[in-house]
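1. Mind folding the following:
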Amino acid sequence: MITAAPTQWKTLPAPDSPRGWIERAAEVAAILATDAAARDKAGATPYTEVQLLKDSGLVTLLGPAEHGGGGQDWTTAYRVIREVAKADGSIGQLLGY
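-> Numbering: from 1, shown residues only. Model prediction:
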């Protein structure tokens, strides 16, 4: 279930636990799942999807908390990537990079 619209993520605090990050990834995945097949077929550059990852904060997951990152470990990062990849493998792979 999506608990926050993508535009609201910028005003919400970043998750502070592995569970919170995985829940955030599930929210992103729910959005991506709505048109993943069509986007894959179109083969367009994923500008909107990259912005979604940025807005959700998932790209900062591994950064040190004292520098504005999520301060999480690789175990959590892998779980987040897998959650996103369930909805859109290409975007999950991009997040993994």
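2. distance between the longest helix along the chain and the chain's centre?
-> In the chain, assigned by DSSP state H, the helix with the most residues is helix 18-33. Taking C-alpha atoms, centre = their mean, to the nearest Å, one finds the center of helix 18-33 at 6 Å from the center of the full chain.
3. Residues contacting the helix or strand of the chain with the lowest mean pLDDT, please?
-> Least confident element among the helices and strands of the chain, by mean pLDDT, DSSP states H and E: helix 36-42 (a mean of 89). Helix 36-42 is contacted from outside by Pro46, Glu49, Ala87, Asp88, Ser90, Ile91, using C-beta atoms under 8 Å, 6 or more residues apart in numbering. For every residue, glycine as well, the C-beta is placed using N, CA and C.
4. Only the buried subset of the residues you listed, as a ChimeraX command please.
-> Buried residues within the contacts of helix 36-42, by 16 or more other C-beta atoms under 10 Å, are selected in ChimeraX with:
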select :46,49,87,88,91
